[in-house]
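**Student:** Next input, structure requested:
(chains A and B)
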Protein chains: 2
Amino acid sequence: MKHVVAGIDIGGTTTTVGLVDATGHIHAKQTYHSGQITTLPDYLAQLRRVVTTLAHQHGAEIEAVGVGAPAANHRTGTIRASNLKWAYGIPFAEALAEDYHLPIALDNDANATAIGEMHFGAAQSYRDFILVTLGTGLGSGIVSNGEVIYGHDGLAGELGHICVDRNGRDCGCGRKGCLETYVSANGLKRTVFELLAHRTTPSPLRDVSYSALSARQVSEAAKAGDAIALEAFEQVGELLGLKLADAVAHTSPQAIILFGGLANAGRLLFEPTIRSLRKHQLFLYNPDLPILPSALPQADAAVLGAAAIAWQKIRKSDHVLL
Amino acid sequence: MKHVVAGIDIGGTTTTVGLVDATGHIHAKQTYHSGQITTLPDYLAQLRRVVTTLAHQHGAEIEAVGVGAPAANHRTGTIRASNLKWAYGIPFAEALAEDYHLPIALDNDANATAIGEMHFGAAQSYRDFILVTLGTGLGSGIVSNGEVIYGHDGLAGELGHICVDRNGRDCGCGRKGCLETYVSANGLKRTVFELLAHRTTPSPLRDVSYSALSARQVSEAAKAGDAIALEAFEQVGELLGLKLADAVAHTSPQAIILFGGLANAGRLLFEPTIRSLRKHQLFLYNPDLPILPSALPQADAAVLGAAAIAWQKIRKSDHVLL
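**Tutor:** The predicted structure is shown next:
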């Protein structure tokens, strides 16, 4: 029998289950539609069918279950995502424990990815690092001394909502000028539109509407030498580096790892970010502090993160038994 | 025999030794001049005379030694303060261990005070909190899950050097616009001088030179209703609250504790700080997050902090032996 954990990535429309061994090898993976489900029993029944079938087909013994989901709280075991009605306010980790009689771990996407990097990715040699996820918004997982910093309520590590400018851009959280309104796929797009208004430079981006523009298009324009797109990446990197310098002054990490769609822009994002971090960092800290790309394959990162928190849970239980 | 630890507070001109029991009671305390000492053996010899005499006079058995000092590093056991020549770059904790054959703990002032608050002060019921020391500068100790966050190099928790304004006031660290150039006794004074230039309001503070002005004078002027002094406290509190909201987004503490000279200004500082924190905090977090004054008597806080890290060291050693 293969010894694996079930890494479960819950999204708004689909759920993905992966059977993952202790080395991070995915023995089986299945994605199915779960967006139409409205009650916990229905969600659990569908999940069990998939998990049982996968384990049977691949001769695997599941030793723990790990769940990554948006707005999941490691401390309370709940998921408070408005688009997951079957889960809202329900003690989901507890329900899984009753169903599977196995160690259960649950965490939000960013923290799960951070633990995934520590077990299987770019942070395998680090005990102190910060993971920043750059998707539509900006998420983060802060690891100190080998442990995610959860805070008393499980809500630590919300670097997307530190303040860049109190009078700045409207944020989905109801405030103004949060970091993610500048540094994220959406933030990049907003910066492009500010620059299109500010500059007179010609640019193919002038022919694209706000609704139609994607971060990938900005990235492609920048690679083709478009001045507006290049300046937008400069500004995004400058702000990210500035705020990472502040984050370093909080927890003094060995490295910072950038994950997600916007991080795939590579040098376009990394170069201005690193330049800005070096410029703004307090002299006490490592002047060569590494800023690294994620080393998890993007398509499997969520499942690997969920699996990593399950493996971590097993190791901690073993430790307690010693 | 009384079971105590030696809590040692090392400053630029004096050293204070206190014999402190596990409840925080100081059985004996002595302060002596140590500023003229230039070599480690001389420092150790003088310290040993004081410690031995105190223990003998008070019938106390010393079980561990804790040291609090500026720029002390818990991870390396060194003190890198430019005004402590006998210590610079020397493994001081190791030297103490050889001398005393006892558990030795060493940490910087802010971290030692944070642990002091946790053992004997305002943080006895907290495992997640941030201590901010407001003296000439701004120091901080961040506690997560009952442990100080040290970072990989022992240099975490430098909130005095997070950035308020990249083009702002000159900071002693060589950069511009660090938090402590605005929020500290010195920052308050700088704000007063900016306001004296900006406003035409009459104020007795117009008769005091920059060199002569103290934070206490500003505090007294504010209590007497002086508009410039009151506005200065408003601005300092507003910026402190804004940056504490960012700190909360990093580690989600249960409480924030303000310590030191400027914190003694009481309501003048606390009211605008709390108002600003409430305004700038992300909706996820406790809307009534307590901001509390230190509960350590100020004259003994340094010795109690040093003693607390020694008691913590003993408890951890015991734990390992179980």
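
**Student:** Can you name the residues of the stretch 51-200 of chain A sitting close to chain B?
**Tutor:** Residues of the stretch 51-200 of chain A lying close to chain B (Cβ under 8 Å from any Cβ of the partner chain) are A:126-128, A:142, A:144-145, A:147, A:149-159, A:161-163, A:166, A:173-175. All C-beta spots, glycine's among them, are computed from the backbone N, C-alpha and C.

**Student:** what about burial for the residues you listed, which qualify?
**Tutor:** A:126, A:128, A:142, A:144-145, A:147, A:149-159, A:161-163, A:173, A:175 (16 or more other Cβ atoms under 10 Å in any protein chain shown).

**Student:** For the residue of chain A positioned farthest from its centre, give its distance to chain B.
**Tutor:** In terms of distance from the mean C-alpha position of chain A, A:T200 ranks first, at 36.3 Å (Cα atoms, centre = their mean). Distance, A:T200 to chain B, using Cβ to the nearest Cβ, to the nearest Å: 26 Å.

**Student:** Over to A:A247?
**Tutor:** Computed as Cβ to the nearest Cβ, the A:A247 to chain B distance reads 7 Å.

**Student:** Name the helix or strand for that residue, please.
**Tutor:** helix A:227-251 (DSSP states H and E).

**Student:** Any idea how many residues pack against A:A28?
**Tutor:** The number of residues packed near A:A28 is 18, by other Cβ atoms under 10 Å in any protein chain shown.

**Student:** Surely it is within a helix?
**Tutor:** No. Counting by DSSP: H, G, I helix; E, B strand; the rest coil, A:A28 is not part of a helix but strand.

**Student:** if we can go back for a sec, helices or strands next to the helix holding A:A247 in the packing?
**Tutor:** strand A:129-134, strand A:138-144, helix A:185-198, helix A:215-223, strand A:255-259, helix A:267-280, helix B:227-251 (3 or more Cβ pairs under 8 Å, 6 or more residues apart in numbering or on different chains; DSSP states H and E).

**Student:** and the stretch 201-322 of chain A, which of its residues are near chain B?
**Tutor:** So far as Cβ under 8 Å from any Cβ goes, the stretch 201-322 of chain A lies against chain B at A:242, A:245-247, A:249-254, A:280, A:282-286.

**Student:** Tell me which two of those residues sit farthest apart.
**Tutor:** A:L242 and A:Q254 (20.1 Å; Cβ to Cβ).

**Student:** neighbour count winner among these two?
**Tutor:** Between A:L242 and A:Q254, counted using other Cβ under 10 Å, A:L242 has the larger neighbour count: 21 against 18.

**Student:** Show the contacting residues for A:V248.
**Tutor:** A:I256, A:L277, A:Q281, A:L282, A:Y285, A:L289 (Cβ atoms under 8 Å, 6 or more residues apart in numbering or on different chains).

**Student:** likewise A:I274?
**Tutor:** A:G237, A:G241, A:I291.

**Student:** Adding neighbour count, write those out as a markdown table.
**Tutor:** Converted to a markdown table, these look like this (neighbours: other Cβ atoms under 10 Å in any protein chain shown):
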| residue | neighbour count |
| --- | --- |
| A:G237 | 22 |
| A:G241 | 22 |
| A:I291 | 21 |
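
**Student:** Need the residues you listed in CSV (columns: pLDDT).
**Tutor:** Listed next are those as CSV, based on pLDDT from 0 to 100:
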residue, pLDDT
A:G237, 98
A:G241, 98
A:I291, 98
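
**Student:** Identify, from the residues you listed, the entry nearest to B:S82.
**Tutor:** Nearest member of the contacts of A:I274 to B:S82, counting by Cβ to Cβ, is A:G241, at 28.9 Å.

**Student:** List the contacts of the closest one.
**Tutor:** Taking Cβ under 8 Å, 6+ apart, one finds A:P272, A:T273, A:I274, A:R275, A:S276, A:L277, A:R278, A:K279, A:H280 in contact with A:G241.

**Student:** Count the neighbours of the first one for me.
**Tutor:** The one in question is A:P272. So A:P272, with other Cβ under 10 Å, has 21 neighbours.

**Student:** Could you measure from it over to chain B?
**Tutor:** 15 Å.

**Student:** related to what we said a few turns ago, could the helices and strands packed on helix A:227-251 be laid out in TSV, adding distance to B:T113?
**Tutor:** Shown next, in TSV, are the helices and strands packed on helix A:227-251 (distance: least, Cβ to Cβ, whole Å):
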stretch	distance to B:T113
strand A:129-134	26
strand A:138-144	20
helix A:185-198	38
helix A:215-223	45
strand A:255-259	29
helix A:267-280	27
helix B:227-251	16
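
**Student:** Nearest to A:A6, out of the ones you listed?
**Tutor:** Per Cβ to Cβ, nearest to A:A6 of those: strand A:138-144, 21.0 Å.

**Student:** Which neighbours in the sheet does that closest one have, and how are they oriented?
**Tutor:** strand A:129-134 (antiparallel), strand A:147-148 (antiparallel) (DSSP bridges).

**Student:** which of the ones you listed is buried the deepest?
**Tutor:** strand A:129-134 (a mean of 28; mean count of other Cβ atoms under 10 Å in any protein chain shown).

**Student:** what is the mean pLDDT for stretch A:3-19?
**Tutor:** Average pLDDT, stretch A:3-19: 96.

**Student:** who's in contact with A:G266?
**Tutor:** Contacts of A:G266 (Cβ under 8 Å, 6+ apart): A:P293.

**Student:** brain fart, A:K313
**Tutor:** So A:K313 contacts A:A64, A:G66, A:P103, A:I104, A:A105 (Cβ under 8 Å, 6+ apart).

**Student:** How about A:N73?
**Tutor:** A:I79, A:R80, A:L106, A:N108, A:D153, A:G154, A:L155.

**Student:** what's the farthest-apart pair in the contacts of A:K313?
**Tutor:** Between all members of the contacts of A:K313, the farthest pair (by Cβ to Cβ) comes out as A:G66 and A:P103, at 9.0 Å.

**Student:** Mutual contacts of the two, please.
**Tutor:** A:A310, A:K313.

**Student:** Of these two, which one has the most company?
**Tutor:** Between A:G66 and A:P103, counted using other Cβ under 10 Å, A:G66 has the larger neighbour count: 32 against 20.

**Student:** Name the strands paired with the helix or strand containing that one and say parallel or antiparallel.
**Tutor:** When elements are assigned from DSSP H and E, A:G66 belongs to strand A:60-69. Take DSSP bridges as the rule and strand A:60-69 pairs in its sheet with strand A:2-10 (parallel), strand A:104-108 (parallel).
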